[in-house]
Structure formats: structure tokens, C-alpha cells
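>>> this is a predicted model, with the sequence first.
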Amino acid sequence: MGENKFAAVPVALYGVVLLFAAIAYFILARSLLAIHSPDSVLATALGADFKGKISMVIYLVAIRLRL
């Protein structure tokens, strides 16, 4: 993005959209895990979901750096 001199606001808004998608995924995953047992296939597949949690933090940092 730096090579093409994109405006900061549209890039930050794109980051906000990505952040909201990550939040929606987190809510969906937590809702599904709430109705399944802790030893279900879904719970095993998701595990601690570190990537899902850290991606929200990275999006927040990226948005702040771009503005």
C-alpha cells in the first residue's frame, strides 16, 4: 500500500471492515462452542483459537498506525 500512496482513511476503513469480520467470527465461534461439549470435534478443531484472538489485536494496531 505504501508504494501506491493510498489515502490513509480508505485503508483504515478497510482495516475496520476486517476488524469487524474478525469480531463476528470470534462471536460465532464462541456461540458454537457454548452449545457443544468441551471435548467435541469442533472444540478440538478450534483449540485456543490464538490466531483469531491475535488477529483482532493486529487489526487494531494496523488501523492506528495508518491514521
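Here it is on my side, so go on.

>>> so what does the helix or strand hosting residue 27 touch, helix or strand wise?
Residue 27 belongs to helix 8-35 when assigned by DSSP states H and E. In terms of contacts (3 or more CB pairs under 8 Å, 6 or more residues apart in numbering; DSSP states H and E), helix 8-35 is packed against helix 41-46, helix 50-66. All C-beta spots, glycine's among them, are computed from the backbone N, C-alpha and C.

>>> can you give me how far stretch 60-67 is from the chain middle?
14 Å (CA atoms, centre = their mean, to the nearest Å).

>>> just the buried residues of that stretch, please?
Neighbour counts over stretch 60-67 (16 or more other CB atoms under 10 Å) mark 62-63, 66 as buried.

>>> closest to residue 8 among these?
Nearest to residue 8 out of those is residue 66 (CB to CB; 5.4 Å).

>>> how far away is the closest one from residue 9?
For residue 66, the distance to residue 9 equals 9 Å [CB to CB, to the nearest Å].

>>> so residue 52 touches residue 28, yeah?
No: taking CB atoms under 8 Å as the definition, residue 52 is not a contact partner of residue 28, at 10.1 Å.

>>> the two: who's more crowded?
Between residue 52 and residue 28, residue 52 has the larger neighbour count (other CB atoms under 10 Å), namely 16 against 10.

>>> pLDDT weak spots in the protein?
Along the chain, segments meeting pLDDT under 70 span 1-6.

>>> so for it, the centremost residue is which one?
Closest residue to the average C-alpha location of the chain: residue 22 at 2.7 Å, with CA atoms, centre = their mean.

>>> now render the helices and strands packed on helix 8-35 as JSON lines, adding distance to residue 16.
Formatted as JSON lines, the helices and strands packed on helix 8-35 follow (distance: least, CB to CB, whole Å):
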{"stretch": "helix 41-46", "distance to residue 16": "25"}
{"stretch": "helix 50-66", "distance to residue 16": "6"}
